[in-house]
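Engineer: With the input below, show me the fold.
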Amino acid sequence: MQKQNNTIYLKSVKFDFNKFIEIEIFDINEFNSVYLYSKRIPIVVGNVEEYNPFEKNGVNFQIGLIYVVDDYFICLNDQFCFKINKKGFYTIEDYLDAEKKGFQDFKNYYNKIAKDLKLVNYEEYFNICENGFFDPITKSPTETDQELLDMIKKIMGYRERNYDVKSIIIDVYNKAKQINYQTFKDLKKGFQLGYENGNDYYDSLGLGFINAKDYLSAKELDLANASIFYEIQEKGFTTKKEIEFYIWSEKYPTTLYKNYDELLLIHYLENLPIGKKNVSKIYQEYKAKLNELFGNKIKQDLQKNEVLYSVTVNNESDLQKNEMYSITINNERNLQDFLQKNDIVKHIGKYDVEGEYFEKLATLKKSEKKVYLDGSNIAYNSKEKPYTTNILIAVVALEKLGFSKENIIVIADKSLQHRIQDRDAFNQMTQESYYHESPAGTKADEFIINFAKTENAIIISNDRFSDYKENDIWVNLNIDRIRIPFSVINENVQFGENIKHFI
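Structural biologist: The predicted structure follows:
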């Protein structure tokens with residue numbers, strides 16, 4: 001037990017009411033006599049466990065040896081369970097006080113308390129109690145420590161050193177309503193983190209921001225969550241254009257480019273209309289794009305191979321920033337080499353070896369689009385045991401939709417072979433060129449995601465890849481677009497509606 005404000009609070013106890021003889025009492029003073037008598041008798045009741053008392057019996061809270069169950073105050077005495085209707089009162093002490101002072105009912109009683117606190121009525125009094133601003137047992141603010149006093153000064157702007165906390169807390173309650181905070185706990189936490197408006201505090205919950213300053217900065221930049229914001233902050237991006245460019249850049253692995261000026265050129269080429277374009281013209285427009293995106297941070301003439309960002313090198317991280325922001329395509333010759341050798345560019349279009357033009361090709365036809373199947377996920381089909389037939393059904397269905405067999409790839413965890421139910425069919429499938437296993441100790445998900453990134457492929461899986469969303473911006477932004485859910489029922493497969501965007 002713990003003693004608090006002269007009231008004894010029991011630990012969580014679950015009572016078996018069948019062990020008690022239930023007696024309803026209609027006189028509050030008689031009930032109080034039983035209550036006082038019970039406090040002198042050790043009560044031993046059944047099974048004590050560490051969870052909410054009366055969980056299945058609608059308990060709201062406990063007060064000393066008086067328990068509140070539904071609309072009744074309950075007092076346990078030996079084998080007897082005494083109860084009396086609450087009649088709307090918060091505590092038995094309030095009920096007795098109202099009886100003693102001659103109040104007709106709980107409304108009149110709490111209206112008087114509300115008036116003393118300069119509240120509108122009893123309903124507002126209940127509201128401040130239920131939302132943690134006021135303690136209905138002690139009839140005082142929920143906290144009176146120095147931290148609370150400091151917070152009140154901050155929220156309300158009070159400068160006086162001495163004032164009545166009991167009355168000021170009502171001002172805090174009204175202020176909380178005005179700035180859209182629902183509870184005192186939320187108000188305290190929100191202001192500690194710098195949230196001056198409750199709407200911002202509640203909107204930020206679960207997004208992972210350290211404080212209000214970061215959340216509001218991310219909100220201004222249209223960033224969805226904290227992981228993206230902090231990653232972009234670490235990279236040194238500050239404007240919306242830079243951030244949009246960086247988010248786009250995450251679709252490509254860093255092994256396929258040296259720095260951001262190469263990525264910007266890839267982005268420019270991807271957005272060219274289909275057809276041929278003069279290389280000199282490409283270079284001039286690329287330089288203009290580079291200046292438009294990073295112009296306010298360019299250190300030297302773009303014709304020179306200088307650092308793009310003026311970053312102070314204090315550690316390895318800063319050195320990496322300098323390398324990423326250096327310019328490698330600083331003349332037409334460098335541009336021609338890049339157009340001819342870069343693997344991403346080869347998928348975008350065709351470079352004329354004479355150096356006169358670059359031809360943007362049409363996007364891949366459906367038959368050329370690669371599809372990666374999450375083999376283990378499909379084999380299980382949301383069931384307890386995996387079957388090869390589920391994978392085979394999905395492969396055949398994709399072929400019927402127009403995807404070529406050579407572009408349908410199944411990747412499964414190596415452990416699947418030990419759990420598969422129809423082993424003969426599995427052994428036959430492993431001989432097919434489209435079936436691949438991830439190395440032991442490596443998840444197939446990692447291979448599937450990396451292939452989807454580099455080959456602009458789609459994924460067939462019911463896995464939402466939530467773990468990867470938290471740590472990979474590209475997955476966070478793209479996986480829901482390229483992932484096609486499925487369901488195999490009676491030897492037929494039904495794909496999610498979003499597959500229509502790829503056929």
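Engineer: Wait, residue 71 touches residue 86, no?
Structural biologist: Yes - applying C-beta atoms under 8 Å as the test, residue 71 and residue 86 come out as touching, 5.4 Å apart. Where C-beta positions appear, they are placed from N, C-alpha and C, glycine not excepted.
Engineer: pLDDT weak spots in this protein?
Structural biologist: Along the chain, the parts satisfying pLDDT under 70 run over 1-19, 37-65, 77-78, 142-167, 248-255, 294-326, 355, 362-367, 501, 503.
Engineer: what's the domain layout of it?
Structural biologist: What automatic domain parsing lists as the domains of the chain is 2-101, 106-202, 240-360, 366-502.
Engineer: Residue 71 and residue 86 - which one has more neighbours?
Structural biologist: Legend: neighbour count by other C-beta atoms under 10 Å for residue 71 and residue 86, higher for residue 86 (19 against 12).
Engineer: Spit out the contact partners of residue 460.
Structural biologist: Applying C-beta atoms under 8 Å, 6 or more residues apart in numbering to residue 460 gives the contacts 371-374, 378, 394, 398, 483-484, 486, 495.
Engineer: same for the helix ranked longest in the chain, what does it pack against?
Structural biologist: In the chain, taking DSSP state H as the definition, the longest helix is helix 279-294. Contacts defined by 3 or more C-beta pairs under 8 Å, 6 or more residues apart in numbering; DSSP states H and E place helix 279-294 against helix 240-249, helix 260-270, helix 332-341, strand 357-360.
Engineer: how big is the angle separating it from helix 332-341?
Structural biologist: 100 degrees (axes from the mean of the first three to the mean of the last three C-alpha atoms, to 10 degrees).
Engineer: starting at the chain centroid, how far to helix 279-294?
Structural biologist: 38 Å (C-alpha atoms, centre = their mean, to the nearest Å).
Engineer: Next, the angle from that helix to helix 260-270.
Structural biologist: In terms of direction (the same axes, to 10 degrees), helix 279-294 departs from helix 260-270 by 120 degrees.
Engineer: and the angle from helix 279-294 to helix 240-249?
Structural biologist: Helix 279-294 runs at 120 degrees relative to helix 240-249, counting by the same axes, to 10 degrees.
Engineer: Can I get helix 279-294 as CSV, trimmed to CA atoms?
Structural biologist: Extracted as CSV, the C-alpha positions of helix 279-294 are listed here (Å, rounded to 0.1, in the frame of the first residue of the first chain):
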residue,chain,number,x,y,z
VAL,A,279,24.3,17.4,-76.1
SER,A,280,25.5,21.0,-76.0
LYS,A,281,21.9,22.1,-75.3
ILE,A,282,21.6,19.4,-72.6
TYR,A,283,24.8,20.8,-70.9
GLN,A,284,23.5,24.4,-71.0
GLU,A,285,20.2,23.4,-69.5
TYR,A,286,21.8,21.2,-66.9
LYS,A,287,24.0,24.1,-65.7
ALA,A,288,20.9,26.3,-65.4
LYS,A,289,19.2,23.6,-63.4
LEU,A,290,22.2,23.2,-61.1
ASN,A,291,22.3,27.0,-60.6
GLU,A,292,18.5,27.1,-59.9
LEU,A,293,18.7,24.3,-57.3
PHE,A,294,22.0,25.1,-55.5
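Engineer: in that helix, what's buried?
Structural biologist: Residues 279, 282-283, 286-287, 289-290, 293-294 are the ones in helix 279-294 that count as buried (16 or more other C-beta atoms under 10 Å).
Engineer: In contact with residue 277, which residues?
Structural biologist: Contacts for residue 277 (C-beta under 8 Å, 6+ apart) come out as 357-360.
Engineer: where does it fall, helix, sheet strand or coil?
Structural biologist: Under DSSP: H, G, I helix; E, B strand; the rest coil, the three-state class of residue 277 is strand.
Engineer: That one pairs with what?
Structural biologist: residue 358 (DSSP bridges).
Engineer: Over to stretch 376-391 now: how far is its first residue from its last?
Structural biologist: Taking C-alpha to C-alpha, to the nearest Å, stretch 376-391 runs 9 Å from one end to the other.
Engineer: what's in contact with that stretch?
Structural biologist: For stretch 376-391, using C-beta under 8 Å, 6+ apart, the contacting residues are 373, 375, 394, 410, 412-413, 415-416, 419-422, 425-426, 429, 444, 460-463, 486-488, 491, 493.
Engineer: Likewise for stretch 467-487?
Structural biologist: 224-225, 227-228, 231, 247, 250-251, 378, 381-382, 394, 445, 449, 452-453, 457-465, 493-496, 498-499, 502.
Engineer: For the buried residues of helix 279-294, give me CSV that also has distance to residue 198.
Structural biologist: Rendered in CSV, the data for these read as follows (distance: C-beta to C-beta, whole Å):
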residue, distance to residue 198
279, 57
282, 52
283, 53
286, 47
287, 48
289, 42
290, 43
293, 37
294, 38
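Engineer: wait, which of the residues you listed is closest to residue 238?
Structural biologist: residue 294 (11.0 Å; C-beta to C-beta).
Engineer: hmm, back to that, switch the helices and strands packed on helix 279-294 over to TSV; also include distance to residue 208 and mean neighbour count.
Structural biologist: Below are the helices and strands packed on helix 279-294 laid out as TSV (distance: least, C-beta to C-beta, whole Å; neighbours: other C-beta atoms under 10 Å):
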stretch	distance to residue 208	mean neighbour count
helix 240-249	17	17
helix 260-270	26	21
helix 332-341	38	16
strand 357-360	39	18
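Engineer: With distance to residue 470 added, can I get these in CSV?
Structural biologist: Below are those laid out as CSV (distance: least, C-beta to C-beta, whole Å):
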stretch, distance to residue 470
helix 240-249, 16
helix 260-270, 24
helix 332-341, 34
strand 357-360, 36
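Engineer: do you know which of the ones you listed lies nearest residue 201?
Structural biologist: In terms of C-beta to C-beta, the element of these nearest to residue 201 is helix 240-249, at 24.0 Å.
Engineer: Show residues contacting the closest one.
Structural biologist: 221-223, 228, 232, 235, 237, 260, 263-264, 267, 292-294, 473, 477.
Engineer: hang on, the earlier thing: which of the contacts of residue 460 fall in helices?
Structural biologist: Counted as lying in helices by DSSP H, out of those, are 378, 394, 398.
Engineer: Just the buried ones from those residues?
Structural biologist: Neighbour counting over the ones in helices among the contacts of residue 460 (16+ other C-beta under 10 Å) leaves 378, 394, 398 as the buried ones.
Engineer: Let's have these in a markdown table, adding distance to residue 433.
Structural biologist: What follows is these, written out as a markdown table (distance: C-beta to C-beta, whole Å):
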| residue | distance to residue 433 |
| --- | --- |
| 378 | 18 |
| 394 | 16 |
| 398 | 15 |
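Engineer: Helices of the stretch 351-500 of the chain, start to end?
Structural biologist: Secondary structure of the stretch 351-500 of the chain by DSSP state H, counting those that start in this stretch: the helices cover 375-380, 388-400, 416-419, 423-429, 444-455, 466-471, 473-482.
Engineer: Please identify the most buried of these.
Structural biologist: helix 375-380 (a mean of 25; mean count of other C-beta atoms under 10 Å).
Engineer: secondary structure element for residue 222?
Structural biologist: Using DSSP states H and E, residue 222 is not contained in any helix or strand.
Engineer: Who are the contact partners of it?
Structural biologist: Per C-beta under 8 Å, 6+ apart, neighbours of residue 222: residue 240.
Engineer: State the distance from it to residue 241.
Structural biologist: Counting by C-beta to C-beta, to the nearest Å, the gap from residue 222 to residue 241 is 12 Å.
Engineer: Then residue 126?
Structural biologist: From residue 126 across to residue 241, the span is 52 Å (C-beta to C-beta).
Engineer: and if you look at residue 370?
Structural biologist: The gap separating residue 370 from residue 241 is 31 Å, by C-beta to C-beta.
Engineer: And residue 436, by the same measure?
Structural biologist: Note on residue 436: its distance to residue 241, by C-beta to C-beta, is 40 Å.
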